[in-house]
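Asks: Provided below for reference: sequence and predicted model.
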Amino acid sequence: VVASALVVSTPPTCPDVIRYAMTQPLQFTPGTKIVYSNAGYCILSQVIAKISGQSYESYVRDQILAPAGVHAMSMAMARLSQRGSLEAKYYNYNGSALVTSAFGEGQVQLAYFADPATGGGAFGWLGSPIDLTRVMTAFEGVRIGNFVSEDSKTQMMIDTHLPDAALVGTPSYRWRGLGLVVGP
């Protein structure tokens, strides 16, 4: 959709996604709903790069991962053929539909349809369970004191009661915090 609207080749770049997003009307009044947004993370990664003077990936490696003792994480690649040596192969569940590849390769599994470079900070980092544990224990303050301030942790994990407000107080209620689905 973005490439077609801007008449650029596919897959579009993160700046293309931002340029397209800026032409679109808001889908709801800000503050009334929370919806995950790849475009929002794309914008954030570009802001980080502009302010830091580094690429988003370099900044995250230097300022977030290295202090947490994580040195082997990498940005995800787009195609099955680009999968890292220790990276899992992604599978669809039985009966799931194939989607149109952003690379003009026809129908592919959802995990391989887009280019992570398109989304900047919206797409994933690959890491071992040990690396992920190091990130989370740094966040908790278990291994590294003051990695993230208590106020920042609270803000990142806050339950806004905006999404699925009718489910608040039920076992089905969930919200997002720190990019994770959180719940009671």
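Replies: Noted; the coordinates are in hand. Numbering: from 1, shown residues only.

Asks: hey, where'd the strands end up in this protein?
Replies: Secondary structure of the chain (DSSP state E): strands at 74-75, 99-100, 107-108, 125-126, 175-177, 180-182.

Asks: counting contacts, what elements does the third one pack onto?
Replies: Going back to what we said before, that points to strand 107-108. Here strand 107-108 touches strand 99-100, going by 3 or more Cβ pairs under 8 Å, 6 or more residues apart in numbering; DSSP states H and E. All C-beta spots, glycine's among them, are computed from the backbone N, C-alpha and C.

Asks: Provide the strand pairings for the strand it packs on, with the direction of each partner.
Replies: strand 107-108 (antiparallel) (DSSP bridges).

Asks: and the strand it pairs with, how far from the chain's centre?
Replies: Relative to its chain's centre, strand 107-108 lies at 22 Å (Cα atoms, centre = their mean, to the nearest Å).

Asks: which residues does it contact?
Replies: By Cβ atoms under 8 Å, 6 or more residues apart in numbering, the surrounding residues in contact with strand 107-108 are 98-101.

Asks: redo that, cut-off 6 Å
Replies: 98, 101 (Cβ atoms under 6 Å, 6 or more residues apart in numbering).
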